[in-house]
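Novice: Coordinates for the following, if possible.
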Amino acid sequence: STRRLVSASSDCTVRVWDEPTATCLNVYTGQKAPILGLSASSDGIMVASGSEDSEVHLWNVDGTPLKQMMGHTAAVRACTFNQDATRLATASLDKTVRIWDVASGECLFVLEHVGRVYDVQFSSNSKKCVSSSSFATCTVWDIESAKADNNEPEKTFKTGSGSCFSCNFVGLDKQLCMASEQGTVFFWDIDDTKSPILELKAHSEIVFRTSLSLGGDWLVTSGADKLTQVWNLQTVSTNIELQKMKAKEAATEAPQAPVGDIPVEEDAEVVIEREHAMTGEDGLEDLLPLEDPVEQKEEGDMPDIVRSIAMSEDGLYGVSCSEFGSLMVWDIEKVEMVVRCKVPAVARVVKFVPGPLKDETSRFVAACDDGIIRVYDIAELLQHKTSLNASLDSESFSPCSEIGFHDFCIRSLKFCKDGQRFVTGSIDTTQSK
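Specialist: Coordinates of the predicted model:
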């Protein structure tokens, strides 16, 4: 049988390749924006592609256009056919997943999310789908009972902060895996949303993509560390069962013992490691297990890694951000934290808007891993703190405004002297001002 491969590119084309000979068979040029999402039907006849301009195209593998699905209002990041290619799911930065009827091209269901959606996958029986989105969230939806809109998720899985860029059903749909910005792939029991059953340290940077082989035996991960790795899921499954057994034993012997402290006796096996650019580093980091990074600290302490700090020009206030979403405002003279709040995504950079603090009207910004710049007002923060008579918690406050320029995390931000303009740099390889 013919083995074919499809590839998408920022040059707005999709190419169909003969895999054994690496020969390009067809080029689809029907879209006018970079292709971000791509899927081929299981019979190898149809291809669906989603682009940065929100369009979804359905076409024959020979390059013949079939349909255009219109409805998304922002970039389409993922497309996936169900098993018999009767339905297509698309995920978009417009915070929705859409389920389409392939025969008619009509949108059947809209699944609304709180944040941007980066990936979607069907279960093997096509009765459910799982989506990954901002706020480190993975959501399971019941397709059989879905309505045209106003659908509620069946289950929601969260891993902390940041964005989840990819997800998959694994283990005959009894588990799911989700990628994190901390380089970890989390495995969950589909019936337990409280805590993951396994944490696989797959990469040293953000995990952008996970992909399951057709037989379900292999998992491929790719990350910002320029590595693509292939994992033996049988070994991962063995670790999952080992974790369950150890957890049950620990619960019997010491009910309060945390599952995360249980040792794993067998490491997950990296079958293939493909390095995309020479890094000059040898060897791999320890794969399993990760200790819980969020530890209980005394009030006023940063609970995890400090990513950035900034100070107002008059030296009255400082602000700091941490790896797992904490944002803290400090009174410099009193050397104490006055406000703590949670950021929906990991903040990499914090900066005060230039200018002296006049009547507590100063603002600062937090540049986050989901590509959003969140603006906070000192006066509003302190007012909330005063009304609560306590440090601000994660449920009490949201930024006064949000600015979205980038698709991925912002690593650098710089203001001009008057504070009227700023520039940002992101791992999506773009700059904005």
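
Novice: What is the longest helix of the protein by residue count?
Specialist: Using DSSP state H, we find that the single longest helix of the chain is helix 233-253.

Novice: And it, what's buried?
Specialist: The neighbour-count check on helix 233-253 (16 or more other CB atoms under 10 Å) flags 233, 236-240, 242-243, 246-247, 250 as buried. (Each C-beta comes from the backbone N, C-alpha and C, glycine too.)

Novice: Then stretch 34-44?
Specialist: For stretch 34-44, the neighbour count (16+ other CB under 10 Å) marks 35-41 as buried.

Novice: can you tell me how far the spatially most central residue of the chain sits from Ala91?
Specialist: In the chain, the residue lying closest to the centroid (CA atoms, centre = their mean) is Cys164, at 1.7 Å. Distance, Cys164 to Ala91, using CB to CB, to the nearest Å: 11 Å.

Novice: if we can go back for a sec, is it correct that the residue nearest to the centre of the chain is in contact with Tyr118?
Specialist: Yes. With contact defined as CB atoms under 8 Å, Cys164 and Tyr118 form a contacting pair (7.0 Å).

Novice: which residues of the stretch 201-350 of the chain fall in strands?
Specialist: Remark: strands assigned in the stretch 201-350 of the chain by DSSP state E, counting those that start in this stretch are 207-212, 218-223, 227-232, 270-275, 306-311, 317-322, 326-331, 336-342, 347-352.

Novice: Name the strands paired with the last one and say parallel or antiparallel.
Specialist: Strand 347-352 pairs in its sheet with strand 363-368 (antiparallel), by DSSP bridges.

Novice: and if you look at the second one?
Specialist: The sheet places strand 218-223 alongside strand 207-212 (antiparallel), strand 227-232 (antiparallel), with pairing taken from DSSP bridges.

Novice: Including mean pLDDT and mean neighbour count, could those go into CSV?
Specialist: Formatted as CSV, the strands paired with strand 218-223 follow (pLDDT from 0 to 100; neighbours: other CB atoms under 10 Å):
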stretch, mean pLDDT, mean neighbour count
strand 207-212, 93, 19
strand 227-232, 92, 19
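
Novice: list the residues that contact both of Cys164 and Ala91?
Specialist: Residues touching both Cys164 and Ala91 by CB atoms under 8 Å, 6 or more residues apart in numbering: 118-119, 132.

Novice: closest to Cys138 among those residues?
Specialist: Nearest to Cys138 among the shared contacts of Cys164 and Ala91: Ser132, at 5.2 Å, using CB to CB.

Novice: Enumerate every residue touching that closest one.
Specialist: Neighbouring residues of Ser132 by CB under 8 Å, 6+ apart: 91, 117-120, 138-139, 164-167, 178-179.

Novice: Quick check: it vs Asn150, distance?
Specialist: Where Asn150 is concerned, Ser132 sits at a distance of 21 Å (CB to CB).

Novice: Does Glu55 touch Pro34 like I think?
Specialist: No. Using CB under 8 Å, Glu55 is not in contact with Pro34; the gap is 11.3 Å.

Novice: Now flag whichever of the buried residues of helix 233-253 is closest to His203.
Specialist: Using CB to CB, Val236 comes nearest to His203 of those, at 15.2 Å.

Novice: so that closest one makes contact with Leu219?
Specialist: Yes. Under the criterion of CB under 8 Å, Val236 makes contact with Leu219 at 7.1 Å.

Novice: Find residues that contact each of those two.
Specialist: Counting by CB under 8 Å, 6+ apart, nothing touches both Val236 and Leu219.

Novice: wait, doesn't Gln234 sit right on Gly215?
Specialist: No. If you go by CB under 8 Å, Gln234 and Gly215 don't touch, sitting 11.0 Å apart.
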